[in-house]
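Participant: Make a model of this:
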Amino acid sequence: MTTTITPGAPLPGSGSPRRKPGVVRVLIVDDSALVRRILSDALAKHEDIEVVGTATDPYVARERIVQLRPDVITLDIEMPRMDGLSFLSKLMRHFPLPVVVVSSLTQQNSETALRALALGAVDVIAKPGSSLATGDVADELVRAVRAASHARVVKRLDTTEAPPVPGRAAIASLNATNKIIALGASTGGTQALEHVLRRFPVDAPGTVIVQHMPEHFTLSFAKRLDKVCAMRVQEAKDGDVVVAGLALVAPGGKHLILQASGARWSVRVKDGPKVHHQRPAVDVLFQSVARSAGRNAVAALLTGMGADGAKGMLAMREAGAYTVAQNEETCVVYGMPREAVKIDAAVEVLPLDGIADALLHAVVASRV
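Facilitator: Now for the predicted structure:
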């Protein structure tokens, strides 16, 4: 690499690239000419997005960043000369930019993509040629790029992952058998959800979660959470019973619905139309929690682009549930929580660090 990018210093090059107001400038980094063309063509159809360049590997990408100053980068993980994770780690330490990972739908790639999110990528989408149709990929790509352009990206000086949480002792006073916690998130949500769940004790109330994420990636996400959290975490299956000490993550491509089953709750995992362009959708989950659990539920709406979850959270509050929206200062993208605040769906607006304790306190204090 012949060019050094110094944090905080002006970028070298022959002047600033000409920018169009309100247009997101995107650099596509992928070693496949076909993928570069598909992604470029998909983005070029939208007036608010401009593909300013492409790169075949991280070395070329570094030079393109200096020359073109993109707002958002799409990044392949498996590339020659330097893999995407190594490049991402260097980028987030020295010159952080919003990065959308474009990855094939395999178990190994899903785990690698989650590592990329931990390193600072703001979103992950499926690569064309996977089980998703090109049109579906195009829609997700545009959504992810627009969300990334609003993302709060910070320098990552420490790219090591936090160690697993030791088994936290049960809270004897926490009668969680008849309580439900519902969580929803999108862009930036994988890290936010981990932050919250790592603070739950082993006997936390049964928890249901929607994180906007492609099919197959949610399985790896649930497995990762299960390794680092005191409570058990797994991808939800149709008919799973919701019990204390267990968190169920909605599978990518399916809606998650809570339903009453006698004196207990279970979940339905089902197809259905997208809501807010999403499946799973937070609104679908929250509406079902409002109907089935009412005041026996608590909920948090975390970082994410768009309005998914706001109306569902309002339904929960009107049913007597305690509800929390993440505050703007700690969100990667302050979209979904902001919409909830606008319609008075949140009982409280809290920083990420305070959300887990607030939810648990609501349960212990019988505030629901």
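Participant: Tell me, how many residues neighbour residue 29?
Facilitator: Residue neighbour count, defined by other Cβ atoms under 10 Å, stands at 27 for residue 29. (C-beta placed from N, C-alpha, C; glycine too.)
Participant: isn't residue 104 right next to residue 126, touching?
Facilitator: Yes. Look at residue 104 against residue 126 with Cβ atoms under 8 Å: they come within range, at 7.5 Å.
Participant: So which of the two has more stuff around it?
Facilitator: More crowded of residue 104 and residue 126, by other Cβ under 10 Å: residue 126, with 25 against 20.
Participant: in terms of contact, does that one touch residue 103 like I think?
Facilitator: Yes. The criterion here is Cβ under 8 Å, and residue 126 meets it with residue 103 at 7.1 Å.
Participant: Would you map the helices across the stretch 201-350 of the chain?
Facilitator: 217-228, 282-292, 310-318, 336-342 (DSSP state H, counting those that start in this stretch).
Participant: Oops, could you answer that again for the stretch 1-150 of the chain instead?
Facilitator: Using DSSP H, counting those that start in this stretch, the helices found in the stretch 1-150 of the chain span residues 33-44, 58-68, 84-94, 107-119, 134-149.
Participant: right, and the ones you listed - which one's nearest residue 204?
Facilitator: Across the helices of the stretch 1-150 of the chain, the minimum distance to residue 204, taken as Cβ to Cβ, is reached by helix 107-119, at 22.1 Å.
Participant: Convert the closest one to CSV, retaining C-alpha atoms only.
Facilitator: Provided in CSV are the C-alpha atoms of helix 107-119 (Å, rounded to 0.1, in the frame of the first residue of the first chain):
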residue,chain,number,x,y,z
GLN,A,107,-22.9,-21.2,7.6
GLN,A,108,-19.2,-20.3,7.5
ASN,A,109,-19.9,-17.0,5.7
SER,A,110,-22.7,-16.2,8.1
GLU,A,111,-20.3,-16.5,11.1
THR,A,112,-17.7,-14.4,9.3
ALA,A,113,-20.3,-11.8,8.5
LEU,A,114,-21.2,-11.6,12.2
ARG,A,115,-17.5,-11.1,13.0
ALA,A,116,-17.5,-8.2,10.5
LEU,A,117,-20.5,-6.6,12.4
ALA,A,118,-18.5,-7.0,15.6
LEU,A,119,-15.6,-5.2,13.9
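Participant: tell me the mean pLDDT for that helix?
Facilitator: Confidence over helix 107-119 (mean pLDDT, whole number) is 84.
Participant: Which of the helices of the stretch 201-350 of the chain has the lowest mean pLDDT?
Facilitator: helix 217-228 (a mean of 94).
Participant: report the angle between the axes of the one helix or strand in the chain whose mean pLDDT sits lowest and helix 217-228?
Facilitator: Among the helical and strand segments of the chain, the one scoring lowest on mean pLDDT, DSSP states H and E is helix 107-119, with a mean of 84. Between the direction of helix 107-119 and that of helix 217-228, the angle (axes from the mean of the first three to the mean of the last three Cα atoms, to 10 degrees) works out to 60 degrees.
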